[in-house]
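> what follows is a predicted protein model with its sequence.
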Amino acid sequence: MSEGWFEGFAQQRLRVGEIALNCRHNLAAAAGRPPLLLVHGFPQTHAMWHKVAPQLADRFALVLPDLRGYGDSDKPASDAAHAAYGKRAMAADLVALMRALGFGRFAVCGHDRGARVAHRMALDHPQAVSRLMLLDISPTLTMYERTDMAFARAYCHWFFLIQPEPLPERLIGADPAFYLRAKLGGWGSHGLEIFDPRALAEYERCFADPATIHAMCEDYRAAASIDLEHDRADAAARIACPLRVLWGERGVVHRLFTPLSDWQAKAVGPVSGRATPGGHYIAEETPGLLAEEMLGFFAPG
């Protein structure tokens, strides 16, 4: 990475069970600060936090992992049930990672797929999650159950990536950079202009790996199968910790869903939230606003 990129953050690979996760953290200088886990989404890596993390580094012990299958984390073999890329497995990875770093209880902010992992984490490991912030999603089951033509058009990747392998893998693999840029440019409010060239280069480097493309497809296949099974089995379960929800006012979630009430229906703890200016990529479109929201929610007073 070039100079000025994640200054003060160490990069480390840590084994959690059968796999190793890549992450950045500022723990060497953050003794005594409250831990905050930041979880990226598709089709990105932990690099998506590069504008926000420096604004939080003086207040929190920050941990920024690459999810299994993404970035420089391991890409385990998939299975017929897609359980290896289910949100339950991904959430367990991150709880184990935080324990390995010395944190049994911590706050979490997740974006996109990372927010879906964080939702599952709050259900499966309520003792670990002290406060939760979710960025630009409604619950997975809610979104699938309300699917209509408008949503299918806007989020066609949800239905393309879940097709049996190797169809989406081969088609994306023919020109990975084109597919990546089309996805990134289509969900923001100003195309690719919102992305720092260093971040875009990092996303392209990781996305060029066929193993990453396959893992991302498996992530979505899991979301349309085993994740829904888990969500339906846990229909009565609720998020118990304080929850803050943010979404982009120019995004699909704002246009087609009701994120605040959708999440209020999934929680017993206090739930608050609002729309933010811009589109899907809040951390890169409005990083100052997001940092302020995080400081207010995770470190009030």
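Nice, I can see it.

> got a list of what residue 137 touches?
Residue 137 is in contact with 112, 115-116, 143, 247, 253, 259, counting by C-beta atoms under 8 Å, 6 or more residues apart in numbering. C-beta coordinates here come from the backbone N, C-alpha and C atoms, glycine included.

> closest one of those residues to residue 235?
Closest approach between the contacts of residue 137 and residue 235, by C-beta to C-beta: residue 143, at 15.4 Å.

> who touches the nearest residue to that closest one once chain neighbours are set aside in this structure?
Among residues not flanking residue 143 along the chain, residue 257 sits closest, at 6.6 Å (C-beta to C-beta, 6 or more residues apart in numbering). Counting by C-beta under 8 Å, 6+ apart, residue 257 makes contact with 138, 142-143, 146.

> please convert the contacts of residue 137 to TSV, extending it with secondary structure, neighbour count and distance to residue 71.
As requested, those are exported to TSV (DSSP: H, G, I helix; E, B strand; the rest coil; neighbours: other C-beta atoms under 10 Å; distance: C-beta to C-beta, whole Å):
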residue	secondary structure	neighbour count	distance to residue 71
112	coil	24	14
115	helix	26	17
116	helix	27	17
143	helix	20	25
247	strand	25	24
253	helix	25	24
259	helix	23	27
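
> can you lay out these as JSON lines showing distance to residue 265 and pLDDT?
JSON lines is the format used below for the contacts of residue 137 (distance: C-beta to C-beta, whole Å; pLDDT from 0 to 100):
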{"residue": "112", "distance to residue 265": "20", "pLDDT": "98"}
{"residue": "115", "distance to residue 265": "16", "pLDDT": "98"}
{"residue": "116", "distance to residue 265": "16", "pLDDT": "98"}
{"residue": "143", "distance to residue 265": "13", "pLDDT": "98"}
{"residue": "247", "distance to residue 265": "16", "pLDDT": "98"}
{"residue": "253", "distance to residue 265": "15", "pLDDT": "97"}
{"residue": "259", "distance to residue 265": "11", "pLDDT": "98"}
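
> which secondary structure element of the protein has the lowest mean pLDDT?
When the helices and strands of the chain are scored by mean pLDDT, DSSP states H and E, helix 176-187 comes last with a mean of 90.

> for that helix, which positions count as buried?
176, 179-181, 183-184, 187 (16 or more other C-beta atoms under 10 Å).

> give me the contacts around the next helix-or-strand element following it.
Next helix or strand after helix 176-187 toward the C-terminus (DSSP states H and E): helix 197-207. Contacts of helix 197-207 with the rest of the structure, by C-beta under 8 Å, 6+ apart, involve 1-2, 5, 43-45, 47-48, 50, 70-72, 176-177, 179-180, 184, 192, 195, 212-213, 284.
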